[in-house]
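Peer 1: structural data only, the sequence is not supplied:
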C-alpha cells in the first residue's frame, strides 16, 4: 500500500506553505467557512514536466477516495491538468483556480477540501486511484461575489 504523499515546505522568510499530492487523497482543513457565497482558491498549481493529472475535489468529505461517487453530496469538481510543452523535465508554470462552493456543501462552522488523484481503471472508468505529481500553495476560501 502506498503511503500518503504530502510535502509541506515553508521557507524561513514566510513563503506560502506548499503542498504536493502524488498517490493518496489529501485532506486540507480550511478553517471556518465565510458567510454567504464561498470561493475555493487553489493557487500556483503545477504538474511535473511531461505529465498530466486529474484531481477530484470534495468538500467536507475527509474520507473521499477515487471510488467515492461524483454523485456524493460533497463532490465539487474535477480538475484536468495537461502536460506543458515548455517544462522540459521541470515543473509547469503555475495556474490559479477559483471554484465556487455551493452553500449546501459547506457545513456551518468548519470547511475542508479533499483532493483525490484519479486514473482510469482497466475498464476506462475514472475510479482508480492515481499516481500524479502536482504541487500547489495551500488552498483557502474567501467570500464570493
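Peer 2: Alright, I've got the coordinates. Values in this document were obtained by computation on a predicted structure and should not be read as measured data. Numbering: from 1, shown residues only.
Peer 1: most centrally placed residue in this protein?
Peer 2: residue 115 (3.7 Å; CA atoms, centre = their mean).
Peer 1: which secondary structure element contains that residue?
Peer 2: Residue 115 is part of strand 110-119 when elements are defined by DSSP states H and E.
Peer 1: that strand pairs with which strands, parallel or anti?
Peer 2: strand 26-32 (antiparallel), strand 53-59 (antiparallel), strand 128-129 (antiparallel) (DSSP bridges).
Peer 1: could you check how many residues crowd around the closest residue to residue 115 other than its chain neighbours?
Peer 2: If the residues on either side of it in the chain are set aside, residue 115 comes closest to residue 26, at 4.8 Å by CB to CB, 6 or more residues apart in numbering. Just so you know, the C-beta spots here come from the backbone N, C-alpha and C atoms, and that holds for glycine as well. Burial of residue 26 is recorded as 21 neighbouring residues (other CB atoms under 10 Å).
Peer 1: my guess is residue 26 meets residue 134, correct?
Peer 2: No. The pair residue 26 / residue 134 is not scored as a contact, 9.6 Å apart, by CB atoms under 8 Å.
Peer 1: pLDDT at the residue nearest to the centre of the chain, what is it?
Peer 2: Reported pLDDT at residue 115 in the predicted model: 94.
Peer 1: what pairs with it across the strands?
Peer 2: On the basis of DSSP bridges, residue 115 is bridged to residue 26, residue 57.
Peer 1: next helix or strand past the helix or strand of the chain with the lowest mean pLDDT?
Peer 2: Taking mean pLDDT, DSSP states H and E as the measure, the helix or strand of the chain with the lowest value is strand 128-129, at a mean of 65. On the C-terminal side of strand 128-129, the closest following helix or strand by DSSP H and E is strand 134-137.
Peer 1: and the contacts of that next one?
Peer 2: Outside strand 134-137, the residues within contact range by CB atoms under 8 Å, 6 or more residues apart in numbering are 7, 16-22, 42-48, 53, 55, 81, 91, 94, 117.
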